[in-house]
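K.L.:
Dropping the sequence and predicted coords here.
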Amino acid sequence: MRRRPNGFSFIELLIAAALVALAAMAAAAHVTRGTQRADWSQDRIFARQKALSILAELRAYVEGGEGEVAADLDGFDDGVSWRPNLTIQPDPNDPGSFLHPEHAASGNTNNQGVWSWQRQISVRRFPTVNTRDLRICTVRVFRRRFGDVDPGEKMAEVSGVIRTIGDSFPSTQVYDVYLLALDNVPGWWVFMDAMQPFVEATLTDLEGRNPGLRFRTHWITKSGYGRDDEYAPYTNESRISTDPTPWAYVYPGRMPDGSSAQRYYVAQRFAARVNLDGELAPSF
């Protein structure tokens, strides 16, 4: 019987090499995935630390820094844009801007002209609450790798409510406003019965839209009648202004139904002696 020579055949060597190559490829893929997971976890930790740091800077800005109330944070809102500055500390050499992204306080890196990190700050009011001492601040940090579309992958997002001990509303600024509403001076298509309430409502609306604004109104509602003790102009309230009258000095009061206004002149605002519907009435 013929004996088999010692050693391996060529086919056996090929099979063994293929198995070794597969095992090596699997091991390399495992190491690569592990390295990627480690890098991703490290990026997540860095992003969260930076987000928390920026949120702390926002809080410090109003609690012990330059700001006085939470409303001062509105200027840090990035809207729908983003910045490579991972800090809100101002640049002493360039007032009005933040420290350079590569500054130690920011810690950003530039890879082939692309900033590795981007941040976005959102400062919002509480819904239906109009106050200056309360804001919701959200900080998002993105990781941008070469070839990614801005701003990259969101790695961290933190939010916090910032409340300050400052006044909820600003100090009041008062304006004295003098308004002419002379009921005994004729005017074209101006009805004092509606004009004065309209102006007062407009001023109230302006005060509501601008916290701290206050109008102190002074209405000038009459002019001098002179020294004629017999002067008593006619006006009407129970009658209508189109009814015939024997008097020459007439101020039309209540107007006919369907007119653009209920009254042209308002008798109660004359603050003087008037002839009301044919009867002499004392000063209102």
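P.N.:
Sure thing, it's come through. What you see is a predicted model; the values in this text were computed from it and never measured.
K.L.:
going forward, measure contacts and count neighbours with C-alpha atoms only.
P.N.:
Fine.
K.L.:
Could you give the separation of the longest helix seen in the chain from the chain centroid?
P.N.:
If you go by DSSP state H, the chain has its longest helix at helix 10-63. With CA atoms, centre = their mean, to the nearest Å as the basis, helix 10-63 stands 41 Å off its chain's centre.
K.L.:
Could you pull up the mean pLDDT of that helix?
P.N.:
Averaging pLDDT along helix 10-63 yields 80.
K.L.:
which helices and strands sit right next to it?
P.N.:
Helices and strands touching helix 10-63, by 3 or more CA pairs under 8 Å, 6 or more residues apart in numbering; DSSP states H and E, are strand 134-143, strand 153-163.
K.L.:
now with 6 Å?
P.N.:
Contacts defined by 3 or more CA pairs under 6 Å, 6 or more residues apart in numbering; DSSP states H and E place helix 10-63 against strand 153-163.
K.L.:
before we move on, the earlier item: after the longest helix of the chain comes which helix or strand?
P.N.:
strand 90-91 (DSSP states H and E).
K.L.:
That following strand pairs with which strands, and in what direction?
P.N.:
strand 94-98 (antiparallel) (DSSP bridges).
K.L.:
can I get the CA coordinates of the partner strand in CSV?
P.N.:
What follows is strand 94-98, C-alpha atoms only, in CSV (Å, rounded to 0.1, in the frame of the first residue of the first chain):
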residue,chain,number,x,y,z
ASP,A,94,-13.3,93.0,18.8
PRO,A,95,-16.3,94.4,20.8
GLY,A,96,-19.6,93.0,19.7
SER,A,97,-18.3,89.6,18.7
PHE,A,98,-17.5,86.3,20.5
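K.L.:
quick one: average confidence on that strand?
P.N.:
For strand 94-98, the per-residue pLDDT averages 83.
K.L.:
So what touches it?
P.N.:
Ile88, Gln89, Pro90, Asp91 (CA atoms under 6 Å, 6 or more residues apart in numbering).
K.L.:
Could I have the buried ones of those as ChimeraX selection syntax?
P.N.:
Per 16 or more other CA atoms under 10 Å, the buried members of these correspond to this ChimeraX selection:
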select :88,89
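K.L.:
which one of the contacts of strand 94-98 is nearest Ala261?
P.N.:
Using CA to CA, Ile88 comes nearest to Ala261 of those, at 58.6 Å.
K.L.:
residues contacting the closest one?
P.N.:
Residues in contact with Ile88, defined by CA under 6 Å, 6+ apart, are Phe98.
K.L.:
go again using 7 Å as the cut-off
P.N.:
The contact partners of Ile88, by CA atoms under 7 Å, 6 or more residues apart in numbering, come to Ile54, Glu57, Phe98.
K.L.:
Where neighbours are concerned, which of those residues has the most?
P.N.:
Counting neighbours by other CA atoms under 10 Å, Ile54 leads the contacts of Ile88 with 24 neighbours.
K.L.:
right, and it touches Thr87 too?
P.N.:
Yes: if you go by CA atoms under 7 Å, Ile54 and Thr87 touch, sitting 5.7 Å apart.
K.L.:
if we look at the sheet, which residues does the closest residue to Arg124 other than its chain neighbours bridge to?
P.N.:
Spatial nearest neighbour of Arg124, excluding adjacent residues (CA to CA, 6 or more residues apart in numbering): Ile136 at 5.1 Å. Note on Ile136: beta-bridge partners by DSSP bridges are Arg124, Val161.
K.L.:
cool, and the one 5 residues further on?
P.N.:
Using DSSP bridges, the beta-bridge partners of Val141 come out as Arg119, Ala156.
K.L.:
Can you give me the distance of it to Val20?
P.N.:
Distance, Val141 to Val20, using CA to CA, to the nearest Å: 43 Å.
K.L.:
Equivalent analysis for Arg83, please.
P.N.:
From Arg83 across to Val20, the span is 49 Å (CA to CA).
K.L.:
again, but for Pro246
P.N.:
Taken as CA to CA, the span from Pro246 to Val20 is 124 Å.
K.L.:
Between the two, tell me which one has more neighbours.
P.N.:
Legend: neighbour count by other CA under 10 Å for Pro246 and Val20, higher for Val20 (12 against 8).
K.L.:
gap between that one and Ile11?
P.N.:
Distance, Val20 to Ile11, using CA to CA: 14 Å.
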